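*Asks:* Generate coordinates for the sequence data below:
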Amino acid sequence: MLGGEHAASQVPDPAERESLIIAKLRSCVGPSGGNADRDRRALLRLFAYCSDRGIRNMWPVSAALLMAFCSFCTAQSVGSAGGSSVFSSLRSSFVHMRAHLGLPVELDSPILFNISKYCIRQPRSPASTSIRLQCFWEFHASSSTPSAFREACRLMVIACVTSLRYKELRRARVASIISLILIISMTKDSSHELFVDAPLEGFLGPISWYPSWARPLMGRRYIIRDPIYADGHKTSPERPHLLGFRETNVRKGAAGTLLVRLCYLAAGISIDEYRVANFNSRSTRHLYPNVAEALQWADRDANEVGRWAAKLDSCTPVHRLSCAKRYAQPAMRATQRRIRTRIALAVRSIVLSDHDWRSLPLIPDFECLTTSPRLAGSVYFKSAGS
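*Replies:* Numbering: from 1, shown residues only. Have a look, this model is predicted:
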């Protein structure tokens, strides 16, 4: 860890070297031991991978073995991000162990090129929901469509208005019937909770159905319950495909995937468009921040819309516990209600005053906002508009 024999010749005192090693270890493991825990899990997965394939001489870990191992783990992932976070975490772990712990790992240029942390607006990030999609869901959420589809549309409207992923929405509970206030459990023991406040304003108008919808949900642990299939189980043991997507590795969260895809397909998004545009259960989180950027709001306000950064800059990733503390403050929750109201009113006055929502593109395209002649003279334009 300290450079081997050459370093020992330069700093020969054992006591001094011991103190340096302790400081080095503390630096490596991180303030709460998270780095060491991540590295340990990565090594255990590598040991299991080599054992299953009869690889006995695994040291040093060659670049070929490391890439094959990371690719295998990515293919086994069933998360909504498609395994990209798994791939990035594994590569970062081995680079960290090689640099700080002296682990014998060979790193070639493709690995080093890909280990840098991805930014918020990475090309592989999910596509934003479009303005037309939210309008479609708002329309059917308040219409006399069949109750099951109406309930699905209402969930999608809430996800858009609050900038939540389905994963967060399914852990939410209703805290008020007067205004849209949700409480999301950020940890399994509910020791940290995130308050989500949003106005009862959509693109098409007030969300008038919310009080009657939320009243029976007060006191329930979660908004969304796991569906019970015909066989009596919460999860169907055999699900070869979901709405024609033909996935064989869909296990955890399949009900949420089905719900989200159903809402997109019903709005007119084909299966191919869904894949190519990279829509998924996270897409609803991106709509309001994209509108804020189209309005040319400052980065601080645009990031605040998505609750993306604890320090409100695009280089500092959000931490769920610091996020929970931040939005437990009444002033920050009031800010959330204000900026979301401004976004809804901006779309209504700039876009929908000149276009019928049915004529807008299904695929996310904000030119209807950025090229509107009403934009420059709007009270919602640039920093003053937020």
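*Asks:* Do I have it right that residue 74 meets residue 87?
*Replies:* Yes - under the criterion of CB atoms under 8 Å, residue 74 lies in contact with residue 87, with a separation of 4.6 Å. Glycine gets a C-beta too; all of them are placed from N, C-alpha and C.
*Asks:* Would you mind finding the longest helix in the chain?
*Replies:* When every helix of the chain is counted residue by residue (DSSP state H), the longest turns out to be helix 330-350.
*Asks:* Buried residues in that helix, which are they?
*Replies:* 333, 335-337, 339-340, 342-347, 350 (16 or more other CB atoms under 10 Å).
*Asks:* still on that earlier bit, compare residue 74 and residue 87 (neighbour count), which wins?
*Replies:* Taking neighbours as other CB atoms under 10 Å, residue 74 and residue 87 compare with residue 87 leading, 20 against 16.
*Asks:* which element follows the least confident helix or strand in the chain by mean pLDDT toward the C-terminus?
*Replies:* When the helices and strands of the chain are compared on mean pLDDT, DSSP states H and E, helix 109-114 comes out lowest with a mean of 50. Scanning forward in sequence from helix 109-114 by DSSP states H and E, the next helix or strand is helix 131-141.
*Asks:* Could you check how far that following helix is from the centre of its chain?
*Replies:* For helix 131-141, the distance from its own C-alpha centre to the chain's C-alpha centre is 22 Å (CA atoms, centre = their mean, to the nearest Å).
*Asks:* If you average the pLDDT over that helix, what comes out?
*Replies:* For helix 131-141, the per-residue pLDDT values average out at 94.
*Asks:* and the angle for that helix with helix 330-350?
*Replies:* On the basis of axes from the mean of the first three to the mean of the last three CA atoms, to 10 degrees, helix 131-141 is oriented at 100 degrees to helix 330-350.
*Asks:* hmm, who's touching whichever helix or strand comes after helix 131-141?
*Replies:* The helix or strand immediately downstream of helix 131-141 is helix 147-162, counting by DSSP H and E. Outside of helix 147-162, the residues within contact range by CB atoms under 8 Å, 6 or more residues apart in numbering are 129, 134, 136-138, 140-141, 143, 145, 164-166, 169, 180, 182, 196, 198-199, 201-202, 207, 209, 213, 223-224, 259-260, 262-263, 266, 284-285, 287-288, 340, 344.
*Asks:* hmm, try it at 6 Å
*Replies:* The set of residues external to helix 147-162 that reach it, using CB atoms under 6 Å, 6 or more residues apart in numbering, is 129, 134, 137-138, 140-141, 169, 196, 198, 259, 263, 284, 287.
*Asks:* Mind giving me the packing neighbours of the longest helix of the chain?
*Replies:* Helices and strands in packing contact with helix 330-350 are listed as strand 193-198; criterion 3 or more CB pairs under 6 Å, 6 or more residues apart in numbering; DSSP states H and E.
*Asks:* tell me what the strand it packs on is packed against?
*Replies:* Using 3+ CB pairs under 6 Å, 6+ apart: strand 193-198 touches helix 147-162, strand 180-185, helix 330-350.
*Asks:* Please point out which parts of the first one sit buried.
*Replies:* Residues of helix 147-162 classed as buried: 150, 152-162 (neighbour count, 16+ other CB under 10 Å).
*Asks:* can you list those in TSV and add distance to residue 325 and pLDDT?
*Replies:* Supplementary listing: the buried residues of helix 147-162 in TSV, determined by distance: CB to CB, whole Å; pLDDT from 0 to 100:
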residue	distance to residue 325	pLDDT
150	36	88
152	33	87
153	33	91
154	30	91
155	27	90
156	29	93
157	28	94
158	23	93
159	23	92
160	25	93
161	23	93
162	19	91
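*Asks:* before we move on, the earlier item: out of the helices and strands packed on strand 193-198, the one nearest residue 38 is which?
*Replies:* Relative to residue 38, the nearest member of the helices and strands packed on strand 193-198 by CB to CB is strand 180-185, separated by 23.1 Å.
*Asks:* Before I go, just wanted to say thanks for your time.
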